[in-house]
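> I would like to see how this sequence folds:
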Amino acid sequence: MNVHFIAIGGSAMHNLAIALHNKGYHVTGSDDEIFDPAKSRLQILGLLPEAIGWEADRIHEGLDAIILGMHAKADNPELIKAKELGLKIYSYPEFLYEQAKNKTRVVIGGSHGKTSITAMILHVLNLSGIAADYMVGAQLEGFDVMVKLSEDADFMVFEGDEYLTSAMDLRPKFHVYQPHIALISGIAWDHVNVFPTFDNYLDQFRIFAGMIPENGSLIYCAEDENVVKVSASVRKNVSKRPYAKPDYFIKDGITWIRTGERIVPLKVFGHHNMLNLEGARLVCEAMGVEKDQFFDAIQSFAGASKRLELVDKNDSCSVYKDFAHSPSKLKATVNAVKEQFPERELIACMELHTYSSLNVGFLEEYRHTMDKADIAVIFYSRHALELKRLPFFTTEDVSKAFGRPDIQVYNDSNQLSDFLKSRSWKNANLLMMSSGNFDGIDLKALSANIL
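Numbers count the residues shown, from 1 in each chain. Sure thing, here's the model as predicted:
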């Protein structure tokens, strides 16, 4: 099969390109910019475009499918040519569904925890010898790619993002996958540029839950009242499995979970991760994994990339990085580090980087999310506001929104770096949270400096 990717350089897109190449497809692609790690990974496999940019001549009648990335706009010359030739054009989620339409589809949805739960499930399935195709939004230890497609696996596990499918298809991605087994981890308003009200955002999860067929399963977090409301949207004869925090305790900086007569040490920590773990356990159970088998495997799970990922540490200080950017993720991550190390001072730094977080009207959603941090720091750049065509806001706007008069705000990454380097880090932890990179701060170099 001959497949061409328009916007092959994206994180998800280049992983799908590699998965199809590994499956034996002939893959070509294009993009107007490609950065590492995508660039190097594509180059090694001979999939990197010879020239950067869009060229209509790349599109021909010999192509069996076009896969369209979110980065490509409606006026893309390759897309226009594909339409003129009447070629089959798929969004990324649509093509994944086509690959999985004869499999049992497991879709992990929610405003937070999707990547971690999906990663936990894949880790356990892998150690339990259960074959499954998958799509996950982060690089996982022990897995070469973020997308795997095969002919023989009975299951496909999807991380079910609620963001738009493509520039041509305004459905949320998780509406495309048609789950047999679905999980909803939590619902907290996000993506305000697409879902202008919370009710509109909530409706997307009602639709998702309503897609589960009779005799399917919904696994959902009973600690989230919005999720509980959405669970009422399922069809009759859908199995509903609520979950809540399991029994756990912390001793000597390690989290242990009690299950029956066993106590099991974990490499992950935090209330939110204990919820994630319990949700993952129920999904694995629905896929044929016994409870003891699950806990045997989950002990070695160290987390997904950028999800409370340890950058470096010494005897009295640990540096973590996390993808947290929405209010619910931010609060859960800050609370987790403080719960795990209550005796240490916590300096928590968060970058406002997404469209929602840089929207002054949305900032109020962050109220009290950093209360557990001893020192709370916010970073945002004027350039990011300019790119998103959003108005500039002041330090006072930020402190008022977060409900912390003592919050420190930086617009210059060098000044932020200097502030962190100037502090004493004895018996203190640093938590850096962003979906960006703090305007180029090298966290490994910073960690080496302060440790």
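
> quick one: the helices in the stretch 1-150 of the chain?
Assigned by DSSP state H, counting those that start in this stretch, the stretch 1-150 of the chain shows helices spanning 11-22, 38-44, 77-85, 92-100, 114-128.

> in the stretch 301-450 of the chain, which spans are helices?
327-340, 382-387, 395-402, 413-422, 443-450.

> got any ranges where this structure has weak pLDDT?
Across the chain, nothing is flagged by pLDDT under 70.

> And the residue positioned nearest the centre of the chain, how far from L430?
Residue closest to the average C-alpha location in the chain (CA atoms, centre = their mean): T115, at 4.5 Å. Distance of T115 to L430, given as CB to CB, to the nearest Å: 22 Å. Yep, even glycine has a C-beta here, placed from its N, CA and C like the rest.

> What of Y243?
Y243 is 32 Å from L430, by CB to CB.

> Which one's more surrounded, the two?
When Y243 and L430 are compared for neighbours, L430 comes out ahead with 27 against 21, by other CB atoms under 10 Å.

> how many other residues sit next to D169?
Neighbours of D169 under the rule other CB under 10 Å: 18.

> In a helix, it, correct?
No: looking at D169 with DSSP: H, G, I helix; E, B strand; the rest coil, it is coil, so not inside a helix.

> Helix, strand, or coil at P265?
Per three-state DSSP, P265 ends up strand.

> Just to check, it is in contact with W256?
Yes: using CB atoms under 8 Å, P265 is in contact with W256, at 5.4 Å.

> Looking only at neighbour counts, state which of the two leads.
The neighbour comparison of P265 against W256 (other CB under 10 Å) goes to W256, with 15 against 10.

> does the more buried one have beta-bridge partners, and which?
Beta-bridge partners for W256, by DSSP bridges, are F249, P265.

> Give me the nearest residue to S328, chain neighbours excluded.
A188 (3.7 Å; CB to CB, 6 or more residues apart in numbering).

> cool, and C349?
C349 sits nearest to V377 (CB to CB, 6+ apart), 4.2 Å away.

> is that neighbour in a bridge, and if so with what?
C349, Q408.

> what's the neighbour count on it?
V377: 21 neighbours (other CB under 10 Å).

> now swap in A188 and tell me
Around A188 there are 18 residues (other CB under 10 Å).

> So it sits against K331, correct?
No: in this structure, A188 is not within contact of K331 by CB under 8 Å, at 9.2 Å.

> about what we covered before: any idea how far the residue nearest to C349 lies from S318?
17 Å.

> Repeat that for K88.
K88 sits 50 Å away from S318, taking CB to CB as the criterion.

> Could you confirm I207 falls within a strand?
No: going by three-state DSSP, the assignment for I207 is helix, not a strand.

> and the closest residue to it other than its chain neighbours, what is it in contact with?
Of all residues not flanking I207 in the chain, H175 sits nearest, at 6.1 Å (CB to CB, 6+ apart). H175 makes contact with 165, 204, 207-208, 211 under the criterion CB atoms under 8 Å, 6 or more residues apart in numbering.

> Can you turn the buried part of the residues you listed into a PyMOL selection?
Listed next is the PyMOL selection for buried residues among those, using 16 or more other CB atoms under 10 Å:
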select buried, resi 165+204+208+211
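
> could I get the contacts of H175 as CSV with distance to I52?
Putting the contacts of H175 into CSV (distance: CB to CB, whole Å) gives the following:
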residue, distance to I52
T165, 25
Q204, 35
I207, 38
F208, 37
M211, 39
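
> N335: what's it in contact with?
By CB under 8 Å, 6+ apart, the contact set of N335 is 270-272, 372.

> okay if I get the residues you listed as a markdown table plus neighbour count, distance to H71 and secondary structure?
Listed next are the contacts of N335 as a markdown table, based on neighbours: other CB atoms under 10 Å; distance: CB to CB, whole Å; DSSP: H, G, I helix; E, B strand; the rest coil:
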| residue | neighbour count | distance to H71 | secondary structure |
| --- | --- | --- | --- |
| G270 | 22 | 33 | coil |
| H271 | 14 | 36 | helix |
| H272 | 25 | 31 | helix |
| K372 | 18 | 37 | coil |
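
> got a list of contacts for stretch 115-123?
Residues external to stretch 115-123 that are found in contact with it (CB under 8 Å, 6+ apart): 106, 108, 110, 132, 134, 136-138, 140, 142-143, 157-159, 183, 185, 268, 273, 276-277, 279-280, 283-284, 287, 297-298, 300-301, 303-304, 307, 323.

> my bad, should have said stretch 93-103
Residues outside stretch 93-103 that contact it (CB under 8 Å, 6+ apart) are 16, 65, 67, 90, 105, 133, 135, 147, 149, 153-156, 158, 165, 169, 173, 176-178.

> Narrow these to just the buried residues.
The buried subset of these (16+ other CB under 10 Å) comprises 16, 65, 67, 90, 105, 133, 135, 147, 149, 153, 155-156, 158, 165, 169, 173, 176-178.

> Mind checking which of these land in strands?
Using DSSP state E, the subset of the buried ones among the contacts of stretch 93-103 located in strands is 65, 67, 90, 105, 133, 135, 147, 155-156, 158.

> who has more neighbours, K88 and S318?
S318 (22 against 14).

> Check the gap between the closest residue to the more buried one other than its chain neighbours and V377 for me.
Spatially, and ignoring its direct neighbours in sequence, S318 is nearest to N429 (5.0 Å; CB to CB, 6+ apart). Counting by CB to CB, the separation of N429 from V377 is 13 Å.

> what's the answer for L47, then?
40 Å.

> repeat for D397
16 Å.
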